[in-house]
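Visitor: no FASTA, just this:
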């Protein structure tokens, strides 16, 4: 009888040890999973502390540059494989992907598309914010072009040949924007690498 109790006690003790080991393994795996999505490190954006909540892991792809839309709901990310990902920052879903754009740079901009409104031909007509659409300008230096794509899944609206060494630029302030004044769209500029000429991309189509 004593021997049976001893065997039962040993069995229960071994079972508890095994369960403890399995739980520790599960906890370790869960900790790694949580760390992949919630990083304890903080970064600073424009002087404001922000904690990265999510990361996109896709080895060997490495993100290189990130550009946010004016509202912050979209992000264009260039990676080391020559791809550009359009990320919905609220749903955390990649909604569009471009391939074959190594060393590319991106800027969000606004183009006038609803030009057939009643009275739009009038001298006094001033386009409003609803007349513009959000676009993404992509500078592909290896192709020697700048492309403008309508967001989120719209067509390519514009393709511009550009010289080697050209760059996309964008001011942090919208010139001429003030309370009560006509709406000033988000503009992007192309600096010609040969002549040094500065052109407004928005006006190529408008």
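Guide: Ah, there it is. In this text the structure is predicted, and so the values were computed from the model without any measurement. Numbers count the residues shown, from 1 in each chain.

Visitor: got the contact list for residue 60?
Guide: 80, 81 (Cβ atoms under 8 Å, 6 or more residues apart in numbering). Bear in mind the C-beta positions are built from the backbone N, C-alpha and C, glycine included.

Visitor: and it, which of the three is it?
Guide: coil (DSSP: H, G, I helix; E, B strand; the rest coil).

Visitor: could you do residue 196 as well?
Guide: Judged by three-state DSSP, the three-state class of residue 196 is coil.

Visitor: residues near it, how many?
Guide: 8 (other Cβ atoms under 10 Å).

Visitor: same check on residue 182?
Guide: Residues near residue 182, counting by other Cβ under 10 Å: 10.

Visitor: and what of residue 203?
Guide: Neighbours of residue 203 (other Cβ under 10 Å): 10.

Visitor: which helix or strand contains it?
Guide: helix 202-205 (DSSP states H and E).

Visitor: which residues of the protein score low on pLDDT?
Guide: Along the chain, the parts satisfying pLDDT under 70 run over 1-57, 114-124, 175-180, 204-206.

Visitor: which residue ranges of it form helices?
Guide: Secondary structure of the chain (DSSP state H): helices at 2-37, 202-205.

Visitor: now stretch 159-176: buried residues?
Guide: 160, 162, 166, 168 (16 or more other Cβ atoms under 10 Å).

Visitor: ok, how many other residues are close to the nearest residue to the third one once chain neighbours are set aside?
Guide: When the adjacent residues along the chain are set aside, residue 166 lies closest to residue 193, with 4.3 Å between them (Cβ to Cβ, 6 or more residues apart in numbering). Neighbourhood size, residue 193 [other Cβ under 10 Å]: 15.

Visitor: same question for residue 76.
Guide: So residue 76, with other Cβ under 10 Å, has 25 neighbours.

Visitor: nearest residue to it in space, please, no chain neighbours.
Guide: residue 106 (4.1 Å).

Visitor: residue 69 now?
Guide: Per Cβ to Cβ, 6+ apart, closest to residue 69 is residue 108, 4.7 Å.

Visitor: tell me the contacts of that neighbour?
Guide: Counted by Cβ under 8 Å, 6+ apart, residue 108 has contacts 67-70, 74, 76, 134-137, 151, 186, 188.
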